[in-house]
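Trainee: sequence and predicted model, in that order:
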Amino acid sequence: MIIQRTKYFADKKEEEERLHNSKSAAKIAGGAGIAVGGGLLGDVITKKGGDYLEKSELKAKDAGSIGKKLVDQVKKNGGPKIIEDPNFQNSAYVGTGAGKRVRNAIAYLKKKSRSSGNNNYKKAADRIKDAVKSVYGDKVVDNLGKDSIVMGKHNDADVLAHEIGHSNYLRSGRSKSIIGKAAHKGYQASSIATVSPIGRLGIAANGFHSGMKSAKLKAEGKKESTWNKVRAAAVPAALAAPLLVAEGKASLNGLKNMKKLGASKELMKESRKRLGAAWGTYAGQAAVKSIALGEGSRLAGKGVGSLIYKDKKKKDDNTKD
């Protein structure tokens with residue numbers, strides 16, 4: 001017993017350090033988890049967009065040959081590497097900065113686990129890896145941050161061209177489009193702000209605050225500013241804009257590329273329709289729902305505010321009497 005107590009006091013500092021390291025590992029894992037949850041690994045076609053692509057198909061005779069030309073083109077230009085994964089439900093360019101950060105976080109945690117002997121670091125790394133794998137699969141995990149496109153079940157020429165479009169804007173030196181590159185720079189932040197639970201909470205709070213302020217101004221007999229009237233819808237629309245522009249520019253880039261490679265009019269018509277419809281479902285989910293959330297929260301704020309400020313006005317009037 002004496003030996004145990006002596007050892008406890010001798011190792012107390014070491015135990016505190018291990019606890020601190022464990023918390024640090026958890027923070028890193030949590031941060032990477034948010035990045036993954038926000039859809040920051042690259043372009044991921046939404047379920048509705050994927051459903052549309054699954055129900056439609058390219059019937060043009062040159063669809064296969066144009067797909068092969070696209071593969072040959074990227075090989076000739078030195079990338080991106082195209083990887084097929086039939087089990088992947090979507091398609092994604094994984095060479096983003098966020099993908100690289102997640103990959104580096106996993107590597108850092110494993111290295112820290114070996115150097116410190118603290119297995120909690122390895123557990124945190126495994127949690128991140130498993131979280132990515134559960135959503136995106138093994139091939140995405142293996143190529144995080146690399147100049148690669150993982151093609152899943154939707155591996156037609158138009159989808160591949162779309163993903164190559166993303167890689168052109170996200171990889172330095174591949175495109176001169178200022179708008180395309182700027183939209184892709186804001187792509188990750190826009191994705192978090194528009195799609196993630198944290199972002200949607202912020203949109204709701206902004207709308208609610210707008211409604212509360214509207215009710216307060218009305219109770220005070222003051223005029224509401226134009227900005228306060230529109231901000232519930234304007235803020236989520238602005239947040240979604242880089243995401244939607246990036247998706248649209250990737251499709252346009254891909255379609256132009258297909259045309260240069262000699263795609264037939266029939267293939268171009270089909271591809272425009274398919275990519276446009278998939279983009280439309282993405283826009284509907286990302287922008288329209290966010291705007292509706294903002295406006296709905298504003299109405300809720302006005303309702304709550306009208307009760308609060310109405311009672312306050314009555315109380316103030318009674319005090320004056």
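Mentor: In hand now; what should we look at?
Trainee: all helices for the stretch 151-300 of the chain, in order.
Mentor: Remark: helices assigned in the stretch 151-300 of the chain by DSSP state H, counting those that start in this stretch are 157-170, 178-185, 187-195, 197-219, 226-260, 265-283, 289-320.
Trainee: the fourth one to helix 226-260, inter-axis angle?
Mentor: Just to be clear, that refers to helix 197-219. Taking axes from the mean of the first three to the mean of the last three CA atoms, to 10 degrees, one finds helix 197-219 and helix 226-260 inclined to each other by 150 degrees.
Trainee: one step back: least reliable of the helices of the stretch 151-300 of the chain going by mean pLDDT?
Mentor: The weakest mean pLDDT among the helices of the stretch 151-300 of the chain belongs to helix 187-195, with a mean of 63.
Trainee: quick one on the thing from earlier: with mean neighbour count and distance to Ser91 added, can I get the helices of the stretch 151-300 of the chain in CSV?
Mentor: Every C-beta, even on glycine, is put in place using the N, C-alpha and C of the backbone. Formatted as CSV, those follow (neighbours: other CB atoms under 10 Å; distance: least, CB to CB, whole Å):
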stretch, mean neighbour count, distance to Ser91
helix 157-170, 26, 5
helix 178-185, 17, 16
helix 187-195, 23, 16
helix 197-219, 19, 23
helix 226-260, 20, 11
helix 265-283, 18, 10
helix 289-320, 16, 23
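Trainee: those into CSV, with extra columns for distance to Lys133?
Mentor: Shown next, in CSV, are the helices of the stretch 151-300 of the chain (distance: least, CB to CB, whole Å):
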stretch, distance to Lys133
helix 157-170, 20
helix 178-185, 25
helix 187-195, 20
helix 197-219, 21
helix 226-260, 24
helix 265-283, 24
helix 289-320, 28
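Trainee: right, so of those, which gets closest to Asn104?
Mentor: helix 187-195 (15.4 Å; CB to CB).
Trainee: thinking again about what came up before, Arg114: which of the helices of the stretch 151-300 of the chain is closest?
Mentor: Going by CB to CB, the one of these nearest Arg114 is helix 187-195, 30.3 Å.
Trainee: quick one on the thing from earlier: out of the helices of the stretch 151-300 of the chain, nearest to Lys112?
Mentor: Between the helices of the stretch 151-300 of the chain, helix 187-195 lies closest to Lys112; by CB to CB that is 25.3 Å.
Trainee: ramachandran angles for His143?
Mentor: Careful, residue 143 is Asn; it's not His. Dihedral pair for Asn143: phi -120, psi 20, per degrees, to the nearest 10.
Trainee: any idea how far the residue nearest to it when sequence neighbours are not counted lies from Val141?
Mentor: In space, and not counting its chain neighbours, Asn143 is closest to Val94: 5.2 Å by CB to CB, 6 or more residues apart in numbering. Distance, Val94 to Val141, by CB to CB, to the nearest Å: 9 Å.
Trainee: Leu299 against Met212, yeah?
Mentor: No - shown here, Leu299 and Met212 do not form a contact pair, counting by CB atoms under 8 Å, at 11.2 Å.
Trainee: I'd say Glu84 and Leu160 touch.
Mentor: No - Glu84 is beyond contact range of Leu160, at 10.3 Å (criterion: CB under 8 Å).
Trainee: joint contacts of these two?
Mentor: Jointly contacting Glu84 and Leu160 under the rule CB atoms under 8 Å, 6 or more residues apart in numbering are Met151.
Trainee: surely Val71 is in a strand?
Mentor: No - under the criterion used here (DSSP: H, G, I helix; E, B strand; the rest coil), Val71 is helix, not part of a strand.
Trainee: which residue, other than its chain neighbours, is closest to it?
Mentor: Ile82 (5.9 Å).
Trainee: mind listing what's buried in the helix or strand encompassing Lys111?
Mentor: Element membership for Lys111 (DSSP states H and E) is helix 97-116. Within helix 97-116, the residues scored as buried using 16 or more other CB atoms under 10 Å are 98-99, 101-103, 105-106, 109-110, 112-113.
Trainee: nearest to Lys260 among these?
Mentor: For these, the nearest to Lys260 is Gly99 (28.1 Å; CB to CB).
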